[in-house]
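1. Provide a 3D model corresponding to the input given below.
(chains A, B, C and D)
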Number of protein chains: 2
Amino acid sequence: MQDTTTQATKRAATTNRSRAVSADLIAVVIAVTNGEPRVLTIGQADALPSGPFELGHRSLQSGLRAWVERQTGHPLGYIEQLYTFADRDRIGDERVQISISYLGLTREEQAERSPTHGWRGWYDYFPWEDHRAGVPSVLPDILMPRLLVWTDEAEDMNMRRDRRQRVAYAFGLDDRDWNEELVLQRYELLYEAALVAEATRHSDDGSPLSVSGRPMIADHRRILATGIARLRTKIKYRPVVFELMPPAFTLLQLQRTVEALAGRLVHKPNFRRLIEQQDLVEETGETVADTGGRPAKRFRFRQTVLAERAVAGTKLPLSRA
Amino acid sequence: MQDTTTQATKRAATTNRSRAVSADLIAVVIAVTNGEPRVLTIGQADALPSGPFELGHRSLQSGLRAWVERQTGHPLGYIEQLYTFADRDRIGDERVQISISYLGLTREEQAERSPTHGWRGWYDYFPWEDHRAGVPSVLPDILMPRLLVWTDEAEDMNMRRDRRQRVAYAFGLDDRDWNEELVLQRYELLYEAALVAEATRHSDDGSPLSVSGRPMIADHRRILATGIARLRTKIKYRPVVFELMPPAFTLLQLQRTVEALAGRLVHKPNFRRLIEQQDLVEETGETVADTGGRPAKRFRFRQTVLAERAVAGTKLPLSRA
DNA sequence: CATAGTTATACTCACATAGAGCATAAGGAA
DNA sequence: TTCCTTATGCTCTATGTGAGTATAACTATG
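-> Numbering: from 1, shown residues only, chains lettered A, B, ... in the order given. This next block holds a predicted model:
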């Protein structure tokens, strides 16, 4: 079993076969405009910006930036790696496709309409994820009943119990709370239950299963779900929201942005308390009067925080219960 | 700028150049034996198990499992992806090397000594990370003085301030607390300051800079640091410690394992309180008398928790301050 | 010009939780 | 027996979080 050839020899011997790999870079680029989170898409289709990692690219990150800029003209600020996966469809083929996905945050500056790209509200793709105005009607009206049908479809009793538990957990049934971080788990359940258009396997009996949310090309909606989940988790302990904010903003605007991302409302006084006691922001001195009520102070992000807490914490009134 | 060719065409056009990629899978496999965290290494050298992703592999994960088993005979249980990077050294070369690293958790069952692999205590590689018996002497005696020299070496005043802040934050100077999660940041600072053997750039003046910790091949120590950091973060909110435990264990054994991973001691009564009130474990009914004191009850992990909280939370008395 | 409506901002209170220390129980060893 | 060691249970306090209330400062409207 354990052969005694060294690492190096072994690598050399297998390099030929392993070379038949191509690596794709895929970007989930997020901006929040007017309290709506949006994702950058390209072409007419619902596709995320992507392109192959090439020899000319200095690094994975710079390759990604290059592709996004070339395809959308939009320069990226903050980016972080999401996940790497090998495309199942193409495995077993001559060529193996590896996809490396990234999350990018920017501001949607110029609202230039372009045929090559556009910003699309992320709740178009995940209507069941927006709980800001209460539980969205798709959930009780369409998805939950169908999910329960699906759980009972399982032959095995154990499988039935397992499905019930996963659904209850992911969608916050029984006494459980809705956990906004479980975006990917929910998408995967809906996929398994063939309630999203990408899962066409159940259409063989001809029944037009009603599906929910706008679909995307290939597995891009799944990647978007991964990005949303990551962002919803991350805003709770890192000051990343500010990457999405204009240079100056009111506390309510900041709150609305957080709420847009989390898909749920937060308690205003508590939000302000947390933001202020963490010294994340400082007043600019200006006020804005177009709020419809008492004028609000404008704040800016304290740039020094980036140095101080480059890796440190931030808290938001969104618990990880 | 924005060309209007579709995604598909664009991909096809560039496939040739992007094919010159090979993907390596690298594993950080961790076990905890006798209260010591260990990492699986191969060969005589200090290298992590790794090998190319090949056409025969069904998925990235199964490819990784295959390589680890082939090189060490050790089957893997829990694994999760760590990070994907393109090898800087080889970029610009004919071939581009992409490395996909994974974290794996197991138990070190058979203590079989083998020429092809072995388990090595992870604090051999990171002696400054073990704070269980107080601050390790390398820190005040060697590393901190040299780090402070390094911060003052910077020409630019801003750079100096920046370095000081990073060091203070990563190593918990001034009023700050030691944050055991910052394993990677600390390694990177030590690398920049040429205080680890892998950073040989400063040896050009002939001075034999004393360096700290056992080095590894290539960037494997950096990958190990990533794995340790991930594990130290993860044990705080996911029940992954149990992957490292034998089927039955005492609460003190469990605590020692957590402490071994975190590199710091925890308050015993609080630890027990947290574990028990979360229903993570159940008594087996047995007791063990070889503890040197009052016999301890044996516990086992409640398997149902894996279903219930497949993605849910666990808490340990290690705050994220 | 008063009043209602809207948002901003400041306080308060109850409750859960984490950190720390103390006390007692139950075994082995000297 | 006595001491030592570990196991196990309980208490106390500071802190943080969720939620509600009160007041301030503006706009719009009749």
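2. going forward, measure contacts between C-alpha atoms and count neighbours the same way
-> Will do.
3. just so I have it, where are all the strands in the stretch 151-300 of chain A?
-> A:248-249, A:281-288, A:296-301 (DSSP state E, counting those that start in this stretch).
4. and chain B, which of the ones you listed is closest to it?
-> Proximity to chain B (CA to the nearest CA) singles out strand A:296-301 among the strands of the stretch 151-300 of chain A, at 18.5 Å.
5. report the separation between the residue nearest to A:R176 when sequence neighbours are not counted and B:Q278.
-> Distance criterion CA to CA, 6 or more residues apart in numbering or on different chains; nearest residue to A:R176, sequence neighbours excluded, is A:Y169 at 7.0 Å. From A:Y169 across to B:Q278, the span is 16 Å (CA to CA, to the nearest Å).
6. more neighbours, these two?
-> Neighbour tally, A:Y169 and B:Q278, criterion other CA atoms under 10 Å in any protein chain shown: the higher count belongs to A:Y169, 25 against 12.
7. can you give me how far the lengthiest strand in chain A is from the chain middle?
-> What stands out as the longest strand in chain A, according to DSSP state E, is strand A:21-33. Taking CA atoms, centre = their mean, to the nearest Å, one finds strand A:21-33 lying 10 Å from the centre of the chain it belongs to.
8. quick one: name whatever helix or strand follows it.
-> strand A:36-42 (DSSP states H and E).
9. which non-adjacent residue is nearest A:D130?
-> The nearest residue in space to A:D130 (CA to CA, 6+ apart) is A:G263, at 4.6 Å.
10. what about the one you found, how many neighbours?
-> Neighbour tally, A:G263, other CA under 10 Å: 23.
11. who are the contact partners of it?
-> A:129-132, A:180 (CA atoms under 8 Å, 6 or more residues apart in numbering or on different chains).
12. if you set the cut-off to 7 Å instead, what comes out?
-> Taking CA atoms under 7 Å, 6 or more residues apart in numbering or on different chains as the criterion, A:G263 is in contact with A:129-132.
13. neighbour-wise, which of the residues you listed leads?
-> Counting by other CA under 10 Å, top hit in the contacts of A:G263: A:E129 with 25 neighbours.
14. roughly how far apart are the residue nearest to that one when sequence neighbours are not counted and A:E180?
-> Closest residue to A:E129 apart from its sequence neighbours, by CA to CA, 6+ apart: A:G263 at 6.3 Å. Between A:G263 and A:E180 the computed distance is 7 Å (CA to CA).
15. try A:G292
-> Taking CA to CA, one finds A:G292 at 30 Å from A:E180.
16. so these two - more neighbours on which side?
-> Neighbours per residue, other CA under 10 Å: of A:G292 and A:E180, the larger number sits with A:E180, 23 against 7.
17. residue contacts, that one?
-> A:A262.
18. okay, helices next: where are they in chain A?
-> Listed in chain order, the helices of chain A (DSSP state H) span A:7-18, A:60-72, A:122-125, A:138, A:144-153, A:157-171, A:183-192, A:220-234, A:251-262, A:268-277, A:303-308.
19. mind checking the pLDDT average for the shortest one?
-> This means helix A:138. Confidence over helix A:138 (mean pLDDT, whole number) is 95.
20. from A:R256, how far off is the nearest residue to A:R38 once chain neighbours are set aside?
-> Excluding its sequence neighbours, the residue lying closest to A:R38 (CA to CA, 6+ apart) is A:G121, at 4.2 Å. A:G121 sits 15 Å away from A:R256 when distances are taken as CA to CA.
21. repeat for A:F126
-> A:F126 is 19 Å from A:R256, by CA to CA.
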